[in-house]
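> The sequence and its predicted three-dimensional model are supplied below.
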Amino acid sequence: MKCVRCRARAEVQLRAHNAAYCRPCFLFVFRRQVERAIDSERMFTQGERLLVAVSGGKDSLALWDVLADLGYDTTGLYVGLGIGVYSDVSHAKVVAFAERRGLPVRVVTLEDEGGGLAVPTVAGLTRRVPCSACGTMKRHWFDTAAVEGGFDVLVTGHNLDDEAARLLGNVLRWQSDHLARQRPVLPATHPRFVRKVKPLFLTSEYETAVYAFMCGIDYIVEECPNAAGATQLLYKDLLNRLEAASPGSKLAFVKEFQRTGQPAFAAAPRESPNDCERCGMPAYGTLCAYCRLVEEVGRKAAARAGAPA
Ligand code: AMP
Ligand code: FES
Ligand code: ZN
């Protein structure tokens, strides 16, 4: 198999793109794909301050690597979720990467913010699926860190596989509000929000894994222990089977949704949010999702402490 750009021996085959590349050409094409997503979706410009949410996994670290190479002003943000060894190892990978590249990183540890609210504690007390509690908490701390740090943009490493699985989940339940908000760029719609962008939304997990491997990026390979059995993984598995039979399906699903479906959902009138009475973030009701969660944790912890042994 030959590289479609330079005819050297190919190292990577990308069936979705009907292409194969040697190592230098793959690295070039990968970076160009990210650059094109940034420019065509007008995600951000040189001179803006980017806060890059990095989990220690391959996607966010590969993205941070590319953004730094492209000369953007980046700071990493790691949120310590308190998920045992998984969190310890991912934290160490983020810090090591930042040191190696000489990039600044901020760390928010949930156990230190607001009284011991690590993901396992919150999930246990509220009997929620850990991933759902985790999502609410991560979003809150991403927004808070971005606004308080004076950043222009919050960047996440969501890739094509994440976006396709999320789209499938939203379509299966026809969640029109979620479909209206599923975009690679979310403008800052509230003073406590900054713009949120996903430069890897058309880049597959396989491509980021190859990029990270070729660049020697040391990332956490293990999935979060709470991911086992999560519906998101079931959707990813279904989409992978579809992709194997019909290469390019994931890309078409996400790309065409952004072109044709999403604008239709976004055009529907929507309720505008209030300000959360506690933290000032957007809220449907008096409290935002995060403050409601914190309140529920407080109530349940107090009930447990008061309960007879
Ligand atoms: P996930 O929700 O785990 O699929 O991750 C999606 C994106 O969210 C990642 O690519 C990161 O940009 C960001 N992210 C996930 N977990 C963390 C974390 N603990 N700290 C900072 N960013 C994270
Ligand atoms: Fe949030 Fe696994 S990363 S529950
Ligand atoms: Zn709030």
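Received, thanks. Ligands and ions are numbered 1, 2, ... in the order given.

> Once you drop chain neighbours, what's closest to Met43?
Distance criterion CB to CB, 6 or more residues apart in numbering; nearest residue to Met43, sequence neighbours excluded, is Val197 at 4.1 Å. To be clear about C-beta, it is placed using only N, CA and C from the backbone, and glycine gets the same treatment.

> now that neighbour: how far from ligand 1?
11 Å (CB to the nearest ligand atom, to the nearest Å).

> Quick check, that residue in contact with Phe44.
Yes - Val197 is in contact with Phe44 according to CB atoms under 8 Å; the separation is 6.5 Å.

> the more surrounded of those two?
Val197 (24 against 21; other CB atoms under 10 Å).

> quick one, what contacts that one?
38, 41, 43-44, 153-156, 184-186 (CB atoms under 8 Å, 6 or more residues apart in numbering).

> again, 10 Å this time
37-38, 41-44, 50, 153-156, 158, 183-187 (CB atoms under 10 Å, 6 or more residues apart in numbering).

> what about the top strand by length along the chain, near ligand 2?
The single longest strand within the chain, with elements called by DSSP state E, is strand 73-80. No - no part of strand 73-80 sits near ligand 2 under the criterion CB under 6 Å from any ligand atom; the closest distance found is 9.3 Å.

> Could you pick out the residues of the stretch 101-250 of the chain near ligand 1 for me?
So far as CB under 6 Å from any ligand atom goes, the stretch 101-250 of the chain lies against ligand 1 at 138, 156-158, 162.

> Among the residues you listed, which lie within strands?
With strands taken from DSSP E, there is no overlap with these.

> Check those one by one and keep those near ligand 2.
Among those, ligand 2 is touched by none when using CB under 6 Å from any ligand atom.

> Quick check: the farthest pair among these?
Spanning the widest gap among those are Lys138 and Asp162, at 13.5 Å by CB to CB.

> list residues touching both of those two?
With CB under 10 Å, 6+ apart as the test, Lys138 and Asp162 both reach Thr156.

> Tell me where the stretch 151-300 of the chain has helices.
Ranges of helices within the stretch 151-300 of the chain are 160-172, 176-181, 205-214, 231-245, 249-256, 262-267, 289-306, based on DSSP state H, counting those that start in this stretch.

> weakest of those by average pLDDT?
The stretch with the lowest mean pLDDT among those is helix 289-306, at a mean of 90.

> contacts for that one?
114-117, 121-128, 132-133, 135-141, 143-144, 276-283, 285-288.

> List the contacts of whichever residue of the chain sits closest to ligand 1.
Using CB to the nearest ligand atom, the closest approach of the chain to ligand 1 is made by Gly157 at 2.7 Å. With contact set as CB under 10 Å, 6+ apart, Gly157 has these partners: 52-55, 57-64, 198-200, 203, 208.

> Let's see which of those residues end up in helices.
58-64, 208 (DSSP state H).

> Now render those as a markdown table, adding distance to Pro225 and neighbour count.
As requested, the ones in helices among the contacts of Gly157 are exported to a markdown table (distance: CB to CB, whole Å; neighbours: other CB atoms under 10 Å):
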| residue | distance to Pro225 | neighbour count |
| --- | --- | --- |
| Lys58 | 18 | 24 |
| Asp59 | 19 | 27 |
| Ser60 | 19 | 26 |
| Leu61 | 20 | 28 |
| Ala62 | 23 | 27 |
| Leu63 | 24 | 26 |
| Trp64 | 24 | 27 |
| Thr208 | 22 | 27 |
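
> out of those residues, who's nearest ligand 2?
Nearest member of these to ligand 2, counting by CB to the nearest ligand atom, is Ser60, at 12.0 Å.

> What pLDDT does the model give the residue nearest to that closest one when sequence neighbours are not counted?
Spatial nearest neighbour of Ser60, chain neighbours left out: Gly157 (3.3 Å); criterion: CB to CB, 6+ apart. As predicted, Gly157 sits at a pLDDT of 98.

> distance of Gly157 from Asp69?
Relative to Asp69, Gly157 is positioned 15 Å away (CB to CB, to the nearest Å).

> likewise Gln175?
If you go by CB to CB, the gap between Gln175 and Asp69 works out to 37 Å.
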